[in-house]
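Asker: give me coordinates for this.
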Amino acid sequence: MANKVWKLNGRRGIAYVEGKEKAERVMALCGNTVEAKLPDAAMAEYRDKKGRAFAWQIPFDLSRWDTISEALGMREHSSV
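Answerer: Numbers count the residues shown, from 1 in each chain. Here you go, the predicted structure:
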């Protein structure tokens, strides 16, 4: 599965992010402080059969939709 973003409700969105570096970058763009670390700042963490984390769901404010979408390489942006 590739990186994805979707609307959770009228105020929040969720980013599904594969790869720790990209997830940490998205967390920073979401306004999380340096102290917010994976997996604590993530809503969910996905692990492979060996127990290694490979993807995270990161909540964000919809006002950051275009920034997060662009960081994940999404070509199409949706107005919110």
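
Asker: which residues are contacting whichever strand or helix holds Met27?
Answerer: Assigned by DSSP states H and E, Met27 falls within helix 20-29. With contact meaning Cβ atoms under 8 Å, 6 or more residues apart in numbering, helix 20-29 is reached by 3, 15, 17, 36, 38, 41-42, 53, 55-56, 58, 60, 64, 67-68, 71-72. Placement of C-beta: from N, CA and C, glycine included.

Asker: and those, which of them are in strands?
Answerer: When those are checked against strands (DSSP state E), the matches are Ala15, Val17, Ala53, Ala55, Trp56, Ile58, Phe60.

Asker: picking up where we left off before, show me which of the contacts of helix 20-29 are buried.
Answerer: Neighbour-count burial (16 or more other Cβ atoms under 10 Å) applied to the contacts of helix 20-29 gives 3, 15, 17, 38, 41-42, 55-56, 58, 60, 64, 68, 71-72.

Asker: and the least confident of those?
Answerer: Across the buried ones among the contacts of helix 20-29, the bottom pLDDT score, 70, is held by Leu38.

Asker: least trustworthy helix or strand in this structure by mean pLDDT?
Answerer: The least trusted helix or strand in the chain, going by mean pLDDT, DSSP states H and E, turns out to be helix 20-29, with a mean of 89.
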